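Enquirer: No letters, just coordinates:
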Ligand code: F6P
């Protein structure tokens with residue numbers, strides 16, 4: 001069996017393994033735990049050194065961790081200014097927030113080059129290399145320049161943008177040609193697959209082979225969707241246990257019989273938190289019977305606080321939550337409980353189980369694993385209702401959620417009203433359908449199918465990709 005080498009910006013080091021690792025880190029830990037291998041990425045530390053030092057190595061539980069420090073200037077250009085200041089907003093279709101500067105791009109390439117140099121020295125000839133996310137699009141190209149011939153795969157956890165938007169990026173051609181150095185590119189959904197193929201056709205950036213490859217000089221790159229999942233059985237067990245725990249008891253006591261609606265996201269403009277709060281206000285305005293009866297718990301740990309767009313979003317949300325509470329609160333009821341801290345996975349699992357509804361309404365999201373976790377956490381006899389944005393990748397699979405357009409505040413309010421009044425039979429029927437998907441397309445299925453495809457010799461692969469037929473997004477249901 002070839003060794004698996006995973007590359008990602010964030011690495012969940014063993015000491016952090018049980019803490020509040022994000023969705024990506026949790027997913028990758030699951031992938032490596034079963035198979036063993038090497039996890040290469042950023043240490044999380046900033047170094048004063050200007051020249052990149054070799055990675056720090058440590059071993060734990062069958063996984064070797066190799067982590068690099070980054071100096072302050074590189075971190076600023078690579079992580080803040082380009083990955084999260086340009087690619088993140090652009091890939092989430094927030095063109096007005098994407099702020100391109102040549103020196104940020106140069107820093108992005110510099111870090112990719114430095115990481116490639118250090119990684120190349122650790123590779124064995126038949127290692128399978130699996131690179132994750134938009135921080136490392138050029139990594140394969142840089143590895144190839146160093147003579148690395150291993151099979152290299154890339155998985156994008158966030159959505160791939162529409163061709164018309166991608167072409168606004170001054171360096172779009174360079175990044176597209178970087179992608180052609182991978183043997184396999186995985187996306188969350190078929191929409192993303194189509195978006196890349198459409199770009200390749202429109203920009204004449206690579207020939208599309210009928211067997212489902214992009215042909216470029218010297219390489220055939222397979223493109224496919226691998227929708228990421230969760231360890232549903234474990235999360236469901238965690239939720240069952242947590243629901244009996246002390247924190248859940250305190251939560252229930254504090255609610256005093258009122259219904260709980262939950263939202264939990266990194267504090268990010270892609271998550272649609274402002275529109276969600278507006279929808280909750282519209283619910284209280286339009287259906288006054290919910291006043292004093294429903295509480296929204298919005299968990300929003302601060303994220304990327306060094307970026308201006310994130311700081312101003314935080315101020316906007318604080319102002320809006322304060323306004324809603326000022327307008328509607330009673331001496332014994334606060335409509336919005338707004339938390340800027342992360343809760344542990346255990347705590348969240350228990351809170352999901354007692355929630356009557358979840359509002360998961362990103363304006364654009366690769367998958368959104370919280371949606372799947374919410375489903376897995378429910379009590380089969382009395383499940384809560386998932387209100388889900390049509391622009392989350394998860395909406396492609398969880399079609400029995402109440403699917404909403406996050407740009408339509410009134411529609412979201414109506415969906416929430418419907419969720420709060422939904423009869424138990426309907427809640428159970430919807431939940432059963434969604435739970436079947438969540439319980440079968442697990443995190444193990446995800447990483448095994450990606451790695452199997454990456455390891456597969458080219459000739460034996462070859463599902464036909466019918467390009468650029470564009471199907472509609474899921475219909476809204478309210
Ligand atoms: O899933 C998308 C992603 O950007 C990951 O790559 C990342 O680790 C996570 O969100 C959290 O963001 P950040 O690493 O910037 O805190």
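Expert: Received it, and whenever you're ready, just let me know what you need. Quick caveat, the model's predicted, so the values are computed rather than measured. Numbering: from 1, shown residues only.
Enquirer: Against the ligand, how distant is the nearest residue to residue 10 once chain neighbours are set aside?
Expert: Nearest residue to residue 10 in three dimensions, chain neighbours excluded: residue 25, at 5.1 Å (Cβ to Cβ, 6 or more residues apart in numbering). C-beta: built from backbone N, CA, C; applies to glycine. Distance, residue 25 to the ligand, using Cβ to the nearest ligand atom, to the nearest Å: 6 Å.
Enquirer: Which secondary structure element is home to residue 25?
Expert: Element membership for residue 25, per DSSP states H and E: helix 23-35.
Enquirer: now what about the helix or strand just after that helix, what contacts it?
Expert: Sequence-wise, the next helix or strand beyond helix 23-35 is strand 37-47, with elements assigned using DSSP H and E. If you take Cβ atoms under 8 Å, 6 or more residues apart in numbering as the criterion, strand 37-47 is touched by 3-11, 13, 28, 32, 53, 55-56, 63-72, 75, 115, 118-119, 122, 127.
Enquirer: Distance from the chain centre to strand 37-47, please.
Expert: In this view, strand 37-47 has its centroid 20 Å away from the chain centroid, taken as Cα atoms, centre = their mean, to the nearest Å.
Enquirer: just the angle between that strand and helix 23-35, please?
Expert: Calculated by axes from the mean of the first three to the mean of the last three Cα atoms, to 10 degrees, strand 37-47 forms an angle of 140 degrees with helix 23-35.
Enquirer: any idea how far the spatially closest residue to residue 287 that is not a sequence neighbour is from residue 160?
Expert: Using Cβ to Cβ, 6+ apart and skipping the chain neighbours, the partner closest in space to residue 287 is residue 417 (5.3 Å). Per Cβ to Cβ, to the nearest Å, residue 417 is found 34 Å from residue 160.
Enquirer: Among those two, which residue is more densely surrounded?
Expert: Looking at residue 417 and residue 160 with other Cβ atoms under 10 Å, you find the greater number of neighbours at residue 160, namely 25 against 18.
Enquirer: Touching, the more buried one and residue 196? I think so.
Expert: Yes. Using Cβ atoms under 8 Å, residue 160 makes contact with residue 196 at a distance of 5.4 Å.
Enquirer: shared neighbours of these two, anything?
Expert: Common neighbours of residue 160 and residue 196, counting by Cβ under 8 Å, 6+ apart, are residue 187.
Enquirer: In what element of secondary structure is the residue nearest to residue 287 found?
Expert: Using DSSP H and E, residue 417 falls in helix 409-421.
Enquirer: got it, and residue 295?
Expert: strand 294-299.
Enquirer: near the ligand, which residues of the stretch 251-400 of the chain show up?
Expert: Counting by Cβ under 6 Å from any ligand atom, the stretch 251-400 of the chain comes close to the ligand at 303, 304.
Enquirer: Look at residue 240 and say how many residues are nearby.
Expert: Residues near residue 240, counting by other Cβ under 10 Å: 14.
Enquirer: Kindly provide the distance from residue 207 to residue 190.
Expert: From residue 207 to residue 190 the distance is 21 Å (Cβ to Cβ).
Enquirer: If you count surrounding residues, which of those two has more?
Expert: Under the criterion of other Cβ under 10 Å, the comparison of residue 207 against residue 190 puts residue 190 first, with 16 against 12.
Enquirer: Could you count how many residues lie near the closest residue in space to the more buried one that isn't next to it in sequence?
Expert: Distances taken as Cβ to Cβ, 6+ apart place residue 225 nearest to residue 190, at 4.9 Å, with adjacent residues excluded. Number of residues near residue 225 (other Cβ under 10 Å) recorded here: 15.
Enquirer: How about the contacts made by residue 225?
Expert: Residue 225 is in contact with 186, 187, 188, 189, 190, 192, 193, counting by Cβ under 8 Å, 6+ apart.
Enquirer: In strands, which of those residues fall?
Expert: 186, 187 (DSSP state E).
Enquirer: Reformat the contacts of residue 225 as CSV; add distance to the ligand and pLDDT.
Expert: Formatted as CSV, these follow (distance: Cβ to the nearest ligand atom, whole Å; pLDDT from 0 to 100):
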residue, distance to the ligand, pLDDT
186, 14, 98
187, 13, 98
188, 10, 98
189, 14, 98
190, 19, 97
192, 14, 98
193, 18, 96
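Enquirer: from the contacts of residue 225, which two are the most distant?
Expert: Using Cβ to Cβ, the contacts of residue 225 reach their maximum pairwise distance at 186 and 190, which is 11.8 Å.
Enquirer: Give me the pLDDT for the residue nearest to residue 190.
Expert: pLDDT, residue 225: 97.
Enquirer: Kindly report the same for the one 4 residues further on.
Expert: In the prediction, the pLDDT value recorded for residue 229 is 96.
Enquirer: Now it: which helix or strand?
Expert: Here residue 229 is assigned to no helix or strand, by DSSP H and E.
Enquirer: How about the secondary structure of residue 338?
Expert: In three-state terms, and counting by DSSP: H, G, I helix; E, B strand; the rest coil, residue 338 is strand.
Enquirer: how close does it get to the ligand?
Expert: Look at residue 338 and the ligand: by Cβ to the nearest ligand atom, they are 20 Å apart.
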